[in-house]
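Q: Below are the sequence and a predicted model; questions follow.
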Amino acid sequence: MYALAIASPTPAPSTLHDLDASFQIRGWHVTRTYVAIRQSEILGFATMSATSITMKDLPKTIRKRLPNYPLPALRLARLAVAASSQGQGIGKQLLKAVFRIAHEVADRTGCVALVVDAKPAAVDFNQRNGFEAFEIISGALGARPTPLPMILPLGSTPRE
């Protein structure tokens, strides 16, 4: 076993700050990136942002339990693990950190679910971790593979 830190890169060494800044849109702080680090090596990262989902976008199994207005959620915009660190549980640890952060958001301001646009190679990982697919409403990516929107109700995630 080894020590793994998962933290927001602010304040942080310039490499980590640059990683977080690279996902910002003209200084608007649209996203926040958390980085998994062992010693000084970046092993992976998770980028999140606030979002909302509407009743018509939700799977029927979730729809019946919630009010019919835009609901606060957290979008997992990116979760990536360095090729040299894959298969070591880094992605799972990052996802656990995302769950913890989502619960903190829920406790402070409200958050009903995590949403991810899963790339084809990540669909199995997300399904193994409780996410379920829901219908694509709009959007096209040209020649790139279309991501699969997936959702995980926050009540289905561990707090710790």
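A: That came in fine, so what should we check first?
Q: sec struct for Val116, please.
A: Judged by DSSP: H, G, I helix; E, B strand; the rest coil, the three-state class of Val116 is strand.
Q: give me the beta-bridge partners of it?
A: Taking DSSP bridges as the rule, Val116 bridges to Leu76, Met150.
Q: which residues does Leu71 bridge with?
A: With DSSP bridges as the rule, Leu71 is bridged to Ile53.
Q: correct me, but it touches Thr51?
A: No. Checked against Cβ atoms under 8 Å, the pair Leu71 and Thr51 is beyond contact range at 9.6 Å. In this view, the C-beta of every residue, glycine as well, is placed from N, C-alpha and C.
Q: Show me where this structure has its helices.
A: Using DSSP state H, the helices of the chain run over 14-22, 60-63, 90-108, 123-128.
Q: okay if I get those helices as JSON lines plus mean neighbour count and distance to Arg75?
A: Listed next are the helices of the chain as JSON lines, based on neighbours: other Cβ atoms under 10 Å; distance: least, Cβ to Cβ, whole Å:
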{"stretch": "helix 14-22", "mean neighbour count": "14", "distance to Arg75": "16"}
{"stretch": "helix 60-63", "mean neighbour count": "13", "distance to Arg75": "16"}
{"stretch": "helix 90-108", "mean neighbour count": "18", "distance to Arg75": "10"}
{"stretch": "helix 123-128", "mean neighbour count": "15", "distance to Arg75": "13"}
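Q: Which among the ones you listed is found nearest to Arg159?
A: Nearest of the helices of the chain to Arg159, taken as Cβ to Cβ: helix 90-108 at 5.0 Å.
Q: quick revisit: can you redo the helices of the chain as JSON lines with mean pLDDT and distance to Leu79?
A: Below are the helices of the chain laid out as JSON lines (pLDDT from 0 to 100; distance: least, Cβ to Cβ, whole Å):
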{"stretch": "helix 14-22", "mean pLDDT": "50", "distance to Leu79": "14"}
{"stretch": "helix 60-63", "mean pLDDT": "76", "distance to Leu79": "22"}
{"stretch": "helix 90-108", "mean pLDDT": "93", "distance to Leu79": "6"}
{"stretch": "helix 123-128", "mean pLDDT": "94", "distance to Leu79": "8"}
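Q: Can you redo those as a markdown table, where the extra columns are distance to His29?
A: Below are the helices of the chain laid out as a markdown table (distance: least, Cβ to Cβ, whole Å):
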| stretch | distance to His29 |
| --- | --- |
| helix 14-22 | 9 |
| helix 60-63 | 29 |
| helix 90-108 | 15 |
| helix 123-128 | 26 |
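Q: among the ones you listed, which is nearest Ile151?
A: helix 60-63 (7.0 Å).
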